[in-house]
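[1] Generate coordinates for the sequence data below:
(2 chains)
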Amino acid sequence: MKGYTGMILRVDLTTGKINKEPLPESLCRKYIGGRGFIARILFDELPRHIEPLGPQNKVIVATGPLSGQFVPSAGRTILGTKSPATRGYGESNIGGHFATELKQAGYDLIILEGQAEKPSILHIKDGDVNLLSGQRYWGMGAIQTERVLKDDLGERYQCLTIGPAGEKEVPIACVSHDFGRQAGRCGIGAVFGNKRLKAIAVIGTQDIPIADFRSALEVGKKMYQACMSHHALELWQKYGTSSVVSWSNRIGTFPTRNFQSGHFSSFTNISGIVMRERIVVKDKGCFACPMACGKYSRIHREDKKIYVEGPEYETAALLGGNCGLSNIEDLAYANYLCDELGLDTISAGSAVAFAMECFERGIIGVRETEGLVLRFGESEIVFKLLEKMGRREGIGDLLCQGVKATARVWGKGSEHFAMEVKGLEISGYESRNAPAMMLSYMTSDIGAHHRPSWAVTADITLGRNSLEGKAQRVVELQHLRPLFDVLGVCRLPWIELDISPSLYVKALNACTGMDKTIEELLEISERIWNLTRLFNIRENPGYGRHCDYPPGRWMGEPVQTGPTRGKTLSRDQVDHLLDEYYKLRGWDENGIPLPETLEQFGLFQEAKEIGSWKSD
Amino acid sequence: MKIHVDNQLCTGCRSCQIVCALVHFKVNNPKKSALKIEARFPDPGEYRVHICFQCGQCAEVCPEEAIRQDGDRYLLNMEKCTFCQACVEACPRGVLPTHQELPSPIKCDNCFECLEICAYNALSLRESG
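    Okay, the predicted model is just below:
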């Protein structure tokens, strides 16, 4: 089928065997691409109950049918694995140019299996694929690795790399690309590290197939023109996601001092305007992107020039407000440290903030911190903790396992403010006065991330205190938003510039020759949503409703300061949201999909087997 | 008219390359484009766009007279081209790219599709001269 290269690259790192397999057309029709491929393949190929950090786990590097096509922001690469952070379904995606290059080399997917004996680099040059020694790069920072790899192989190679954190199998380690972009969440970098895979470098020359050239050009131009004539484009081009910092503070959703508050009193110092004035040197775009949210920045530290892409909103939220950093240069440096070490800025920021609150409350003392006095807002302390986490030294060896694991060790009630769901740290929205957003975090299939459902705007339009209609909206978003990760495109042109989903459907049909409707695609998205839920249930005996609750802080403890001061949700309200959500999904009251629901989405085999997984 | 490049504005998104290949070769392959984008990261963190300024030096060296002036642009007649690559070597900006699947170098024909798709105005039109 057109739109795809039609080829899967399967790499066994244990034996060094490399296979090229045809991509089944039925998989394309039923799961379309990207996230859909990942969910289906992980479910089918991973033996049950395997260790995420072991040779039996796999990493899937996927593109979608629109990846690399003439569609605004069509540069997404989607990565998936059994997550070492959550032990459940793990998925994260990345912009830049990797997906295009992989398709030009002739592959829609890479499936990484096994475990190499020695550090390795997967080298792909069109049809020539081989494993190179990664010894020379082992120990290097993630961005440094990319620079040296390009020096060694050629500037036009596109690379995925990990840093020291990935090498040391830190469960919050990310995968990096294009000098500062990351597939941050779910610890996929740790699985690369466990496989001793330091990097993938790819270069390709081939055409990316299109079914109907004329329609593809026409719809592509239409989408570009819609982006370029939108009134919000200029603001977005100038500030990228950093413009969200001020907005989020105004509405009281900015994570502050480990989510004690939703408003950071010094937020203007780390806002988009200050960032643009003081540190941004370049607008940096992903493949085919007219809105370039990438803001490339430069700071000086000890007479050295430091370059970093960002800080984008999530980093400003979790390393900025949440750790109390109120200086844009400090924030940028913390961002840089995470990027070189290969740490997810969201989880790392949450872990640092958690440690700071534990210290302030006397739950830990200098004995646990090797003498460091942890205080919110102390930038040098943030830097030291990040270094320790990335290199697994001292307190960092525990903290790098995430706030859930750390709270289990430190105890004394600290789990109440360990800000995670399913073991994944909550991303950048304090949600006690945003029930739809809270429900989004509770039910996200990878743990507390905003990607599948970013529902703050629904809270604003439907009423911040109201629960009505919230579950419905979250379900709708959880089908529509992940479709972009299925197609292999960025969702921001749709969200920020109102590009209609119907145009993406037209582009899909033009590129592939399929004849899908938006309704059919949403049904596929719901099939995938049920499948990832099943993966979590199958892999974690006893899985169910208890995995969907937010941390204690979000049930009953009032927000301390700012516009949402005093607000909270009660346990009853949280239960109400969950009940409504499960009902809409056709899941039982424990959050387990009913067999008839699964059958509705063609998951017949799974419907038969689900009873046996529950009783494990 | 000729194309003016402002490197400071280029974001490296390659939309210009995609549309160039689509329009001229009816394929999606940004490597079959007359534009080259050089990325320089992490230091100094910039892109440089290389594009034909229609100087005509390629026409001067072409032994087959396959490149001819047409107003303020120079056009390549692919049928006359023997792929000797004299023009590729003579081009002072290095912007006659080649691709293994193509029978001749890729010569910009001033169609201006690239500047229409650039959302940052890194490419714009200036009077010749």
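[2] Could you use CA atoms for every contact and neighbour count after this?
    Will do.
[3] How about B:Lys36, nearest residue that isn't a chain neighbour?
    Nearest in space to B:Lys36, with sequence neighbours left out and distances taken as Cα to Cα, 6 or more residues apart in numbering or on different chains, is B:His50 at 5.0 Å.
[4] Enumerate every residue touching the one you found.
    B:His50 is in contact with B:Leu35, B:Lys36, B:Ile37, B:Glu38, B:Arg93, B:Gly94, B:Val95, counting by Cα atoms under 8 Å, 6 or more residues apart in numbering or on different chains.
[5] Which positions within the host helix or strand of A:Glu357 qualify as buried?
    Following DSSP states H and E, one finds A:Glu357 within helix A:345-360. For helix A:345-360, a neighbour-count test (16 or more other Cα atoms under 10 Å in any protein chain shown) marks A:345-359 as buried.
[6] do stretch B:81-100 as well
    Under the neighbour-count criterion of 16+ other Cα under 10 Å, stretch B:81-100 has B:Cys81, B:Phe83, B:Gln85, B:Cys87, B:Val88, B:Ala90, B:Cys91, B:Val95, B:Leu96, B:Pro97, B:Thr98 buried.
[7] Check stretch A:221-239 too.
    By neighbour count on 16+ other Cα under 10 Å, the buried set for stretch A:221-239 is A:221-228, A:233, A:236-239.
[8] Check the average confidence over that stretch, would you?
    Across stretch A:221-239, the average pLDDT comes to 97.
[9] same check, this time on stretch A:517-533
    98.
[10] centre of the chain versus it, how much separation?
    For stretch A:517-533, the separation from the chain centroid amounts to 19 Å (computed by Cα atoms, centre = their mean, to the nearest Å).
[11] picking that back up, give me the local confidence score for the residue nearest to B:Lys36.
    On the pLDDT scale, B:His50 gets 97.
[12] repeat for the one 3 residues further on
    The score at B:Phe53 is 93. That number is its pLDDT.
[13] ok so, going back, possible to save the buried residues of stretch A:221-239 as a markdown table with distance to chain B and secondary structure?
    What follows is the buried residues of stretch A:221-239, written out as a markdown table (distance: Cα to the nearest Cα, whole Å; DSSP: H, G, I helix; E, B strand; the rest coil):
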| residue | distance to chain B | secondary structure |
| --- | --- | --- |
| A:Lys221 | 8 | helix |
| A:Lys222 | 11 | helix |
| A:Met223 | 11 | helix |
| A:Tyr224 | 7 | helix |
| A:Gln225 | 8 | helix |
| A:Ala226 | 11 | helix |
| A:Cys227 | 9 | helix |
| A:Met228 | 6 | helix |
| A:Leu233 | 9 | helix |
| A:Trp236 | 12 | helix |
| A:Gln237 | 8 | helix |
| A:Lys238 | 10 | helix |
| A:Tyr239 | 14 | helix |
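[14] got a list of what A:Leu578 touches?
    By Cα under 8 Å, 6+ apart, A:Leu578 lies in contact with A:Leu439, A:Ala471.
[15] Tell me how far the spatially most central residue of chain B lies from chain A.
    Compute the mean C-alpha point of chain B, and by Cα atoms, centre = their mean the closest residue is B:Ala34, 3.0 Å away. For B:Ala34, the distance to chain A equals 15 Å [Cα to the nearest Cα, to the nearest Å].
[16] who are the neighbours in contact with that residue?
    Going by Cα under 8 Å, 6+ apart, B:Ala34 touches B:Gln17, B:Cys20, B:Ile51, B:Cys52, B:Val95, B:Leu96, B:Pro97, B:Ile106, B:Lys107, B:Cys108.
[17] Go again with 10 Å.
    Going by Cα atoms under 10 Å, 6 or more residues apart in numbering or on different chains, B:Ala34 touches B:16-17, B:20-21, B:24, B:50-52, B:95-98, B:105-109, B:114.
[18] Kindly report the same for A:Lys118.
    Contacts for A:Lys118 were tallied using Cα under 10 Å, 6+ apart; they are A:Leu13, A:Thr14, A:Ser133, A:Gly134, A:Gln135, A:Trp138, A:Lys195, A:Arg196, A:Leu197, A:Lys198.
[19] List the ones among those that fall in helices.
    Assignment to helices by DSSP state H places none of these there.
[20] Can you flag the buried ones in those?
    A:Leu13, A:Gly134, A:Trp138, A:Lys195, A:Arg196, A:Leu197, A:Lys198.
[21] The fourth one and A:Val11 touch, don't they?
    No. Applying Cα atoms under 10 Å, one finds A:Lys195 not in contact with A:Val11, separated by 11.2 Å.
[22] For the two, list the residues in contact with both.
    Taking Cα under 10 Å, 6+ apart as the contact rule, A:Lys195 and A:Val11 both touch A:Lys58, A:Leu112, A:Glu113, A:Gly114.
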